[in-house]
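S.K.: Got a sequence here, can you model it:
(2 chains)
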Amino acid sequence: MSAETLIFYAFALLTAGGALALALSRNVIYAAWILFVVLFGMAGMYVFAGAEFLAVSQVIIYVGGILVIILFGVMLTQKIRGNRPRTGLINILPGLMLAVGMFLALLQLIFSLDLGPLPGSAPRAESALSDVSAIGQATVTDFLLPFEAISVLLLAALMGAAYLTRKHYPASKKEDRA
Amino acid sequence: MMSPAEIYLVLAAFLFCTGVFIVITRRNAVMALIGIELILNASNLNFVAFSQRSPDQFSGQMAALFIIVLAAAEVAVALAIVLNVYKRFKTVDMDEIDTLKE
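M.R.: Residues are numbered from 1 along each chain as shown, chains lettered A, B, ... in the order given. Below you'll find the model as predicted:
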């Protein structure tokens, strides 16, 4: 077994173990940090799948952006001092049955698939060390419309989020200025 | 022994089911959001795994990129809503937030 294979399995185990710890964790802050481990492990898996740009985006956007927002969300909605930020549990038995049942059904589906390379697909050129330029070209040619649409969507969503959390000034202030 | 492609799919299925379990069992709204992030990431892993089957095309990776952006937008709006709910109800327990109007 080569070192590459070992690292691949290590990342897979890191991701799976992190997800399991996430399912068992009741402390919301710990859960946010375990999510960091899971997302990082997934970035490693992306590298082994030949998606280096996606791996870097995953680390920058998820770890640098989304995780920080989630941590802010935890800390702004819990009374950290005094009691620990624990979360209650409901529906454990139905949740467990649903999750295990779906997992077994998906396993059966996965092992019945034929996972070889598609007929007629060319292997990637050996000279292409990085897929960044190819993804950049795909973004501005084949995927231009979805790219522009998602830019507008992201702008609208962030403006909406900023509007929702704005400070509420008293209504009389506008009349004073008039 | 499982092939690497199968490992990706099994791992994605595991992450998906864990995310569903978290969304169903946790009462904290932020924790449910973490579960939703897991589900989105499981779908991303599937997209990347299947994009390996045709390495000369980037549709799978582009879909995964778009999902990452959507997840960022989703988590920003969702946490803004959660903060407003906390301001009004002084709790983020989803069992206690059951009114549309005070």
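
S.K.: how many neighbours does residue A:97 have?
M.R.: 12 (other Cβ atoms under 10 Å in any protein chain shown). The way it works is simple: take the backbone N, C-alpha and C, and place the C-beta from them, glycine included.

S.K.: how far away is it from chain B?
M.R.: 10 Å (Cβ to the nearest Cβ, to the nearest Å).

S.K.: Now that residue. Its backbone dihedrals?
M.R.: Dihedral pair for residue A:97: phi -60, psi -40, per degrees, to the nearest 10.

S.K.: any idea how far the residue nearest to the spatial centre of chain A is from residue B:96?
M.R.: The centre of chain A sits closest to residue A:62, judged by Cα atoms, centre = their mean, with a distance of 5.6 Å. Shown here: residue A:62 relative to residue B:96, a distance of 30 Å by Cβ to Cβ, to the nearest Å.

S.K.: hang on, the earlier thing: does the residue nearest to the centre of chain A really touch residue A:39, like I thought?
M.R.: Yes. Shown here, residue A:62 and residue A:39 form a contact pair, counting by Cβ atoms under 8 Å, at 4.6 Å.

S.K.: intersection of neighbour lists for those two?
M.R.: Counting by Cβ atoms under 8 Å, 6 or more residues apart in numbering or on different chains, the shared contacts of residue A:62 and residue A:39 are residue B:41.

S.K.: Would you state the helices of the chain in chain order?
M.R.: In the absence of a named chain, this looks at chain A. For chain A, the helices defined by DSSP state H cover A:3-24, A:28-48, A:52-57, A:67-76, A:92-111, A:132-140, A:144-164, A:172-177.

S.K.: my bad, the chain I had in mind was chain B
M.R.: Using DSSP H, helices in chain B cover B:4-25, B:29-51, B:59-89.

S.K.: hang on, the earlier thing: Throw the helices of chain A into TSV and include mean pLDDT, thanks.
M.R.: Formatted as TSV, the helices of chain A follow (pLDDT from 0 to 100):
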stretch	mean pLDDT
helix A:3-24	93
helix A:28-48	92
helix A:52-57	91
helix A:67-76	88
helix A:92-111	92
helix A:132-140	86
helix A:144-164	94
helix A:172-177	53
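
S.K.: Kindly reformat those as a markdown table containing distance to residue B:24.
M.R.: What follows is those, written out as a markdown table (distance: least, Cβ to Cβ, whole Å):
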| stretch | distance to residue B:24 |
| --- | --- |
| helix A:3-24 | 11 |
| helix A:28-48 | 15 |
| helix A:52-57 | 29 |
| helix A:67-76 | 19 |
| helix A:92-111 | 4 |
| helix A:132-140 | 36 |
| helix A:144-164 | 26 |
| helix A:172-177 | 45 |
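
S.K.: Point out the most buried one among those.
M.R.: By mean neighbour count, with neighbours taken as mean count of other Cβ atoms under 10 Å in any protein chain shown, helix A:28-48 ranks first of the helices of chain A at a mean of 21.

S.K.: Fine by me, thanks again.
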